[in-house]
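>>> Show me the folded form of this:
(one chain, ligands or ions: 2)
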Amino acid sequence: MTDESNDHDTDDGPTSGESGPLDDSSSLLDRSGAGRSGTPDLDDIVLDNLDTGDEDASDEASRGLFDDLLEGEPIFENKEVLRPSYTPHKLPHREEQINNMATILVTALRGDTPSNILIYGKTGTGKTASAKFVSEELETTSQKYEVPCEVEYINCEVTDTQYRVLAQLANKFINKNLGVIEDRLADLSDLRSRARDDASVLAETSFASLDALEAEIDALEADRDEFEEVPMTGWPTDRVYSSFFDAVDYHERVVVIMLDEIDKLVEKSGDDTLYNLSRMNSELENSRVSIMGISNDLKFTDFLDPRVKSSLGEEEIVFPPYDANQLRDILQARADVAFKGDALSDDVIPLCAAFAAQEHGDARRALDLLRTAGELAERDQTDDVEEDHVRQAQEKIELDRVVEVVRTLPTQSKIVLFAIILLEKNGVRNINTGEVFNIYKNLCEEIDADVLTQRRVTDLISELDMLGIVNAVVVSKGRYGRTKEISLSVPTDETEAVLLSDSRLGDIEDVQPFVQARFDN
Ligand code: ADP
Ligand code: MG
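Ligands and ions are numbered 1, 2, ... in the order given. Here you go, the predicted structure:
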């Protein structure tokens, strides 16, 4: 039975009560139990409901899906605080980096152009959180002292082409300009009606006459009508650029453009955007632009035009990984707000910190661990988060990562990986590239996929190795030369289930003949 027919049965289940649906649903249970589904818990819940629906529905029906879960004492006081979207107001162990940023950017509050800044450090070292914190402070202070200084934040992982970056910036400034124009027009038309009654009110203004005032209003209205939103596709890029340029230069101000995940932009679309942005200042008349680039990877600067590289890196700020002690402080501060008073056992935070410190000092991982551990405890319906919940959370997060990586592999890599799994499942030891290639070739023929050369397949195996999915070691066979020995680094059944959930690979009906193929050569 294929996956698709099972899905179908689930949908039809409640209506086809009499004809023995239990058989079907129990086989479904087996499958989800084998880890085929991404969310086995939900499947289980749905199945439980099906069963009771068929038999003694009336008693249990009043106990809804959520009753048991609700009955446990809540562990969390405020779980949002542990989510990545939450921006903390205190960032322990980042004082130095935050002060460095502020020292450079304070120039903007004095009306001058700050140096461009390049920030780099591994993921989860607090770059985004610190940059957002500094930008909020900068804008608040600029409002307080009425200095025209604006910060625009762009996440280049989402906005990853020159067109989109420029269009997004253009539209932000166009909207800001329109806001300014509308405010000014409202003031001026108010002044105009007062001046019509009594022309002497103009004496305290910069307008010499009612005509001058009228002229200013007309000019503003013309400006307002001229600003046109940039569509998200379709214009030539230089038109988008000049829209942005004109919008920024509409009045005097210092603009700080934060380009987060800037390495993704360069990887996807090259350095044209940065080149254009970094040479703007020589042409702007009223405003000044300063760029703050944030990157997980310093190597991306190797791909930059030397002029862009030196301009972007006028100032560099490094975010080093956190050590376990620093991670403890970060977690403790969040946990105080996130959890009920004594929900955490003593060793929970140190263990989360220790795991995340191994993971290159990633605070995001530390927070994920703590949140997931809390959720697992919640699911156990206990009041305490224990060390064991952290260990389970670590496994769960690791497995989720693998599932996500495998799920998003290109089809060819999936077929290669599937070949390796088949060999392992059939007890083949010391798997070599040739063996993988033979099985791979047969699988491709079965599902009508292109067959790559053995050389390309070797490359794909190396990529799987770099992703941590397989382990490929080169072993010397003495005078017979060297060969690669390949083994799986991830759980076999779960990985296989993810691969088979791909509709193309799911078409592979019977895998046994392919394993035989390793002997054909
Ligand atoms: P990066 O941008 O370097 O990948 P983030 O700034 O997104 O890292 O930080 C990852 C997570 O860790 C976020 O939830 C952030 O709030 C938190 N975090 C990082 N550093 C600190 C810190 N020093 N104090 C409190 N929370 C932090
Ligand atoms: Mg970030």
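
>>> from here on, contacts and neighbour counts on C-alpha atoms
Fine.

>>> Which stretches in the stretch 401-521 of the chain count as strands?
For the stretch 401-521 of the chain, applying DSSP state E, counting those that start in this stretch gives strands covering 470-476, 482-488.

>>> again but with the stretch 201-350 of the chain, I slipped
Counting by DSSP E, counting those that start in this stretch, one finds strands in the stretch 201-350 of the chain at the ranges 253-260, 287-295, 315-318.

>>> Dihedrals phi and psi, the closest residue to Q326 other than its chain neighbours?
What sits nearest to Q326 in space, not counting adjacent residues and going by CA to CA, 6 or more residues apart in numbering, is H93, at 6.8 Å. In terms of degrees, to the nearest 10, the main-chain angles of H93 are phi 70, psi 20.

>>> same question, the one 5 residues further on
Per-residue torsions, I98: phi -70, psi -40 (degrees, to the nearest 10).

>>> can I assume it is in contact with E137?
No: counting by CA atoms under 8 Å, I98 stays clear of E137, with 10.8 Å between them.

>>> More neighbours: which of those two?
Of the pair I98 and E137, I98 is the one with more neighbours under other CA atoms under 10 Å, namely 17 against 13.

>>> Give me the spatial nearest neighbour of the more buried one, chain neighbours excluded.
Spatial nearest neighbour of I98, chain neighbours left out: S130 (6.4 Å); criterion: CA to CA, 6+ apart.

>>> what pLDDT does that neighbour get?
Note on S130: pLDDT of 96.

>>> Using the three-state scheme, assign it.
Secondary structure assignment for S130 (DSSP: H, G, I helix; E, B strand; the rest coil): helix.

>>> S209: neighbour count?
Around S209 there are 15 residues (other CA under 10 Å).

>>> Would you mind measuring from it to A203?
S209 sits 9 Å away from A203, going by CA to CA, to the nearest Å.

>>> Helices along the stretch 151-300 of the chain, start to end?
Ranges of helices in the stretch 151-300 of the chain, per DSSP state H, counting those that start in this stretch, are 162-197, 210-226, 237-248, 262-269, 272-278.

>>> Buried ones in the shortest one, by neighbour count?
Spelled out, it's helix 272-278. Under the neighbour-count criterion of 16 or more other CA atoms under 10 Å, helix 272-278 has 272-275, 277-278 buried.

>>> same check, this time on the longest one
Of the residues in helix 162-197, 162-175, 177-178, 181, 185, 188, 191-192, 195 count as buried by neighbour count, 16+ other CA under 10 Å.

>>> do stretch 240-252 as well
Burial within stretch 240-252, assessed by neighbour count using 16+ other CA under 10 Å, is assigned to 240-241, 243-250, 252.

>>> Between the two ends of stretch 242-254, what distance do you get?
18 Å.

>>> What residues does the protein have near ligand 1?
84, 87-88, 91-94, 123-129, 330, 363-364 (CA under 6 Å from any ligand atom).

>>> And those residues, which of them are buried?
Among those, those classed as buried by 16+ other CA under 10 Å are 88, 91, 94, 123-129, 330, 363-364.

>>> Between which two of those residues is the distance greatest?
Put simply, by CA to CA the two of these set farthest apart are P88 and T123, 16.8 Å from each other.

>>> Would you mind measuring from R224 to D218?
Using CA to CA, R224 is found at 10 Å from D218.

>>> same check, this time on F66
Using CA to CA, F66 is found at 62 Å from D218.

>>> more crowded one of the two?
Using other CA under 10 Å, the more surrounded residue of F66 and D218 is D218, with 13 against 8.

>>> how close does the more buried one sit to D197?
20 Å.

>>> Then A324?
Computed as CA to CA, the A324 to D197 distance reads 72 Å.

>>> re earlier: mind putting the buried residues of stretch 240-252 in a markdown table, distance to I439 and pLDDT included?
Listed next are the buried residues of stretch 240-252 as a markdown table, based on distance: CA to CA, whole Å; pLDDT from 0 to 100:
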| residue | distance to I439 | pLDDT |
| --- | --- | --- |
| V240 | 51 | 96 |
| Y241 | 52 | 96 |
| S243 | 56 | 96 |
| F244 | 55 | 97 |
| F245 | 57 | 97 |
| D246 | 60 | 96 |
| A247 | 59 | 96 |
| V248 | 59 | 97 |
| D249 | 62 | 97 |
| Y250 | 64 | 96 |
| E252 | 66 | 94 |
